[in-house]
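Asker: Generate coordinates for the sequence data below:
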Amino acid sequence: MNYLIKNAQTIFQDSKLNSSTNANDIRISQGVITEIGTQLLPNTSQNERLINAKGCVVYPGFVNTHHHLAQSVLKGVPEGLNQDLGQWLAAVPYRFWPKIPPRLMYLSAKLGIYELIRSGATSCADHHYLYHANSSAEVEAALWQAASDMGIRFTLCRGGATQVGKHKGMSRLNLQPESIEQCLERMQDSLKHHDPSPLSMSRLCVAPTSLIHSASKHDLITLAQFARSNGLKLHSHLLEVEFDQQQALKNHQMSAIDYAHSCDWLGADVWFAHLVKADRQAIELLAQTNTGMSHCPTSNCRLGSGIAPAYAMDKAGINVSIGVDGSASSESGSMLQELNLAWLLQRAQHGAANVPLEQVVHWGTRNGAHSLGLKTGRLELGYAADLVIYDIEELRIASVHDQRLAPILCGEPTQVKYSFINGVPVIDKGLFTRFDPQELAAELKQEMRTFLATIE
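Answerer: Coordinates of the predicted model:
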């Protein structure tokens, strides 16, 4: 079905930010935006449904460039509530992740995707690292299936480790890591899910869990070669805490960013999560090589890691995007929270005049799409019809003077009236079209009871 969105209060368009013209209608045909204007007339020759967006603002769908969907069932684990990254890794994800069965992985992914969609996201890059020598292919398959069933635009950032590394907790698992041969063979099979087109709904990305800790230099170079020979993007964690720098200096006699460079892990096809501890030299090299970053402010605050220099990176020309990170350290799972917090934290450091809210919206939309290589993140002709219609007549935001920015200014909770992904409504009049949230909650509770019984 094609759609004509009419009577929006305002539309967040890059090309119109400084224009007196305020378009309020959008036509969607065959999954893309084909017309934007005022007083558009219905096309009687097509099967076109009319969507009344009166009292609403239309946004590009947010693009989440770093998530861990497996952690959606690890929220608020008591042992990790007051721990920093190293201790938290041992107490929460490393304690549970090797034991998550395929069915629970599927439900966990659906929960994480639900949280993203209800907060305005339409694309998700999931950094999935549940791999070891004897891991089951069914766990990864559960992610592809959940993304398809939920209708989200999905990139699987294929993590894993070919060496145990020095992170606390990992060495206690007594798991045999994948060999590089196993990793490559399994990724070769995963390529069947990869669609390289700009409007792709399904992509694969090469993403060793940690650039510093989870693979040797030889293996990192091999993984980079595999990625580039297959036209895949590259992603990993880097400089989330000072430990990365310490280990790079100790084991490789160079800084973490220089080590990444020496392994062929910088470039326009690479983006890193966190980069909280990136110094001036790192920022300069990232900018020179057009390497991107995913800013995850909630998780970085939750774990006490610090505040990433996102503003300085943006000013240097680095493509800054936004990531929710895993819900075990970012329990809201909300892109709206990430954008609101990113805006506030950067302003607290650099002043109100230096960090306009529109800039942060771009981090969460067009910049994220750029990192993933997708033609989305903008409300422009020919772009994917990934868009979100927020109800701005809802009581708590109805009095906002700049209605165009109301959802980000006020943050959660905000009411999504409609959400379109690839031209298909996944939220319609406030209701999810692909699943019943209450049924998912009931099944998750049952599955979690069974799972926790095996852990204890």
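Asker: contacts and neighbour counts: CA atoms only from here.
Answerer: Will do.
Asker: and the nearest residue to residue 309 once chain neighbours are set aside, helix, strand or coil?
Answerer: Setting aside the residues directly before and after it, residue 309 is nearest to residue 276 in space (CA to CA, 6 or more residues apart in numbering), at 6.6 Å. Using DSSP: H, G, I helix; E, B strand; the rest coil, the structure places residue 276 in coil.
Asker: So residue 276 is in contact with residue 244, correct?
Answerer: No - contact criterion CA atoms under 8 Å: residue 276 and residue 244 do not qualify, at 10.7 Å.
Asker: Relative to residue 441, how far out is residue 451?
Answerer: Per CA to CA, to the nearest Å, residue 451 is found 15 Å from residue 441.
Asker: To clarify, my last question referred to residue 161.
Answerer: For residue 161, the distance to residue 441 equals 32 Å [CA to CA].
Asker: Tell me which of the two has more neighbours.
Answerer: residue 161 (27 against 13; other CA atoms under 10 Å).
Asker: okay, the nearest residue to the more buried one once chain neighbours are set aside: pLDDT?
Answerer: Closest residue to residue 161 in three dimensions, ignoring its sequence neighbours and counting by CA to CA, 6+ apart: residue 214, at 4.6 Å. According to the prediction, residue 214 has pLDDT 91.
Asker: How is this structure divided into domains?
Answerer: 2-60+378-432, 62-372 (automatic domain parsing).
Asker: Could you pull up the mean pLDDT of stretch 242-256?
Answerer: For stretch 242-256, the per-residue pLDDT averages 96.
Asker: so how far is it from its chain's centroid?
Answerer: 27 Å (CA atoms, centre = their mean, to the nearest Å).
Asker: Then stretch 64-84?
Answerer: Going by CA atoms, centre = their mean, where stretch 64-84 is centred and where its chain is centred differ by 14 Å.
Asker: now do the same end-to-end measure for that stretch.
Answerer: End-to-end distance of stretch 64-84 (CA to CA): 24 Å.
Asker: Return the set of buried residues in it.
Answerer: 64-75, 80-81, 83 (16 or more other CA atoms under 10 Å).
Asker: and what of stretch 134-151?
Answerer: Neighbour-count burial for stretch 134-151 [16+ other CA under 10 Å]: 135, 139, 140, 142, 143, 144, 146, 147, 150, 151.
Asker: Give the rounded mean pLDDT of it.
Answerer: Mean predicted confidence for stretch 134-151 is 97.
Asker: so how far is that stretch off the chain centroid?
Answerer: Chain-centre distance of stretch 134-151: 17 Å, with CA atoms, centre = their mean.
Asker: And stretch 28-43, by the same measure?
Answerer: 28 Å.
Asker: same question, stretch 214-224
Answerer: Worked out by CA atoms, centre = their mean, stretch 214-224 lies 24 Å from the chain centre.
Asker: now swap in stretch 219-235 and tell me
Answerer: Counting by CA atoms, centre = their mean, stretch 219-235 comes out at 20 Å from the chain centroid.
Asker: do the same with stretch 294-305
Answerer: Distance, centroid of stretch 294-305 to centroid of chain: 14 Å (CA atoms, centre = their mean).
Asker: how about it: buried residues?
Answerer: So, applying 16+ other CA under 10 Å, buried residues of stretch 294-305: 294, 295, 296, 297, 298, 299, 300, 301, 302, 303, 305.
Asker: Give me the contacts around that stretch.
Answerer: Contacts to stretch 294-305, defined as CA atoms under 8 Å, 6 or more residues apart in numbering, come from residues 65-66, 82-85, 88, 240-241, 271-276, 306-308, 310, 320-326, 329-330, 337-338, 341-342.
Asker: The same query, at a cut-off of 6 Å, please.
Answerer: 84-85, 241, 272-274, 306, 321-324, 329-330, 342 (CA atoms under 6 Å, 6 or more residues apart in numbering).
Asker: In strands, which of the buried residues of stretch 294-305 fall?
Answerer: In strands, defined here by DSSP state E, the members of the buried residues of stretch 294-305 are 294, 295.
Asker: can you put the buried residues of stretch 294-305 in TSV and add distance to residue 6 and pLDDT?
Answerer: Conversion of these to TSV gives the following (distance: CA to CA, whole Å; pLDDT from 0 to 100):
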residue	distance to residue 6	pLDDT
294	34	98
295	34	98
296	35	98
297	35	98
298	35	97
299	38	97
300	40	97
301	40	97
302	41	96
303	44	96
305	45	96
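Asker: between the buried residues of stretch 294-305, which is nearest residue 393?
Answerer: Of all the buried residues of stretch 294-305, residue 393 sits closest to residue 298, with 27.7 Å by CA to CA.
Asker: circling back to that earlier point, so the residue nearest to residue 161 makes contact with residue 177?
Answerer: No - using CA atoms under 6 Å as the test, residue 214 is too far from residue 177 to be in contact (9.3 Å).
Asker: Name the residues contacting each of these two.
Answerer: residue 163.
Asker: quick one on the thing from earlier: among the domains of the chain, which is nearest residue 445?
Answerer: Across the domains of the chain, residue 445 has its closest neighbour in domain 62-372 (9.7 Å, CA to CA).
Asker: Return the distance of that closest one from the chain's centre.
Answerer: 8 Å.
Asker: Quote the end-to-end distance of that domain.
Answerer: Using CA to CA, the two ends of domain 62-372 sit 12 Å apart.
Asker: Repeat that for stretch 285-297.
Answerer: 22 Å.
Asker: Just confirm residue 23 contacts residue 38, I think it does.
Answerer: Yes - using CA under 6 Å, residue 23 makes contact with residue 38 at a distance of 5.2 Å.
Asker: neighbour-wise, which of these two wins?
Answerer: A count of neighbours by other CA under 10 Å puts residue 23 above the other of residue 23 and residue 38, at 20 against 15.
Asker: so how far is residue 8 from that one?
Answerer: 8 Å.
Asker: Could you do residue 405 as well?
Answerer: Note on residue 405: its distance to residue 8, by CA to CA, is 14 Å.
Asker: cool, residue 144 as well?
Answerer: Residue 144 sits 34 Å away from residue 8, going by CA to CA.
Asker: If anything else comes up later, I'll come back, but that's it for now.
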